[in-house]
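In: just to be clear, the model below is a prediction. Sequence and coordinates:
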Amino acid sequence: MVNERTLEADLVDPAIALISRYGDIENGLEISVLAKKLREIIRPKPADLAQLKGRKDDRLSQVIRNLVSHRTLEKRGLATYRKGEALTRGCYVLTELGRASVKTSWARKLM
């Protein structure tokens, strides 16, 4: 069966490629920028674009937020989450494992 929606796991490879491409090695990539760029590069499925009940955003927005709130990249050892006084939403900084895990196919898409 083909997934009818984009899952958190589907966002891991594009997320680390985006952090690698657009993030600073020391300060990483802000979560708001990551979320925007993820929406630009993935192909949302029709179910992803369905508006959430009682909200103004769609299901894909929720999956992207879950990537951060569930600390998926951290749990896999790919990135660390940082939030300081100057950062309103925090950022992700790739770990060594994260930098080594960037898939060539996603890196090429971002060139």
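Out: Thanks, I have it.
In: show me what contacts Gly98?
Out: 16, 19-20, 73, 77-79 (Cβ atoms under 8 Å, 6 or more residues apart in numbering). Using the backbone N, CA and C atoms, a C-beta is placed for each residue, glycine as well.
In: in helices, which of those appear?
Out: Among the contacts of Gly98, the members falling in helices (DSSP state H) are 16, 19-20, 73.
In: just those now: which is nearest Glu30?
Out: Among these, Ile19 lies closest to Glu30 (Cβ to Cβ), at 10.1 Å.
In: help me confirm that the closest one comes into contact with Leu29.
Out: Yes - using Cβ atoms under 8 Å, Ile19 is in contact with Leu29, at 4.6 Å.
In: shared neighbours of the two, anything?
Out: Here Ile19 and Leu29 have Tyr92 as joint contacts, going by Cβ under 8 Å, 6+ apart.
In: out of those two, which sits in the busier spot?
Out: Neighbour count, other Cβ atoms under 10 Å: between Ile19 and Leu29, Ile19 has more, with 25 against 21.
In: residues contacting the more buried one?
Out: Counted by Cβ under 8 Å, 6+ apart, Ile19 has contacts 28-29, 34, 79, 92-94, 98.
In: let's have these in TSV, adding pLDDT.
Out: Converted to TSV, these look like this (pLDDT from 0 to 100):
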residue	pLDDT
Gly28	90
Leu29	93
Leu34	94
Ala79	95
Tyr92	94
Val93	94
Leu94	94
Gly98	92
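In: of the residues you listed, which pair is most distant in space?
Out: Leu34 and Gly98 (12.8 Å).
In: which parts of this protein are helices?
Out: Taking DSSP H, the helices of the chain run over residues 8-22, 31-41, 59-69, 72-75, 96-100, 104-109.
In: closest one to Leu52 among these?
Out: Nearest to Leu52 among the helices of the chain is helix 59-69 (6.1 Å), distances taken as Cβ to Cβ.
In: just give the number of residues close to Thr6.
Out: Neighbours around Thr6, by other Cβ under 10 Å: 19.
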